[in-house]
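*Asks:* got a predicted structure here, sequence first:
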Amino acid sequence: MESTLPTFPTFVAKSQERRRWNMAELSRRSGISAPELSRVMSGTRQPTLRIVRGLACAFAAAPKTSGYEPHSYPGWFARLGDLAEEGRILARQEKEQAKYQTARPASGEQVVEHDDATPTGISLVEE
């Protein structure tokens, strides 16, 4: 089941768009370089605490543009922090899932169960 909640990049992009800020303006207001913001917004980099703080400061200092937005810095910090953590959890789950998929035996292979006498990870091919 997919989440209907916005991701960190989506939430930030919509908040930025509602204020009609370009990347340079968001960078200036948050104290985060435009290239670093771009990496976070594209999803190639996870937001750090410093990024969450900077964005929370920028958005909290600007007039509220939507009834769904937090009212103050603590609200912005909590919302952005939650979205950042959710993104980290999902990335970790995807990484584990990919690792599991690559660790599965190929078709026709049989995995030997681990016991004290058998090294872990040995598989035998059926003849």
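*Replies:* Now that the structure is in, tell me what you want to look at.
*Asks:* poorly predicted segments of the chain, please.
*Replies:* Residues of the chain meeting the criterion pLDDT under 70: 1-5, 103-127.
*Asks:* so which residue is smack in the middle of it?
*Replies:* With distances taken as Cα atoms, centre = their mean, Gly87 lies nearest the centre of the chain, 2.5 Å away.
*Asks:* which SSE is that residue in?
*Replies:* helix 73-103 (DSSP states H and E).
*Asks:* before we move on, the earlier item: wait, the residue nearest to the centre of the chain sits on Thr48?
*Replies:* No - with contact defined as Cβ atoms under 8 Å, Gly87 does not count as touching Thr48 (11.7 Å). (Glycine included, C-beta is placed from N, CA and C.)
*Asks:* show me where the protein has helices.
*Replies:* Using DSSP state H, the helices of the chain run over residues 8-18, 23-30, 34-42, 49-61, 73-103.
*Asks:* please name whichever of the ones you listed is nearest to Gly67.
*Replies:* helix 8-18 (11.5 Å; Cβ to Cβ).
*Asks:* got the contact list for that closest one?
*Replies:* 6, 26, 40-43, 47, 55, 59, 65-66, 69, 79-80, 83-84, 86-87 (Cβ atoms under 8 Å, 6 or more residues apart in numbering).
*Asks:* how about it: buried residues?
*Replies:* For helix 8-18, a neighbour-count test (16 or more other Cβ atoms under 10 Å) marks 8-9, 11-12, 15-16 as buried.
*Asks:* angle of that helix against helix 73-103?
*Replies:* Inter-element angle recorded for helix 8-18 and helix 73-103: 140 degrees (by axes from the mean of the first three to the mean of the last three Cα atoms, to 10 degrees).
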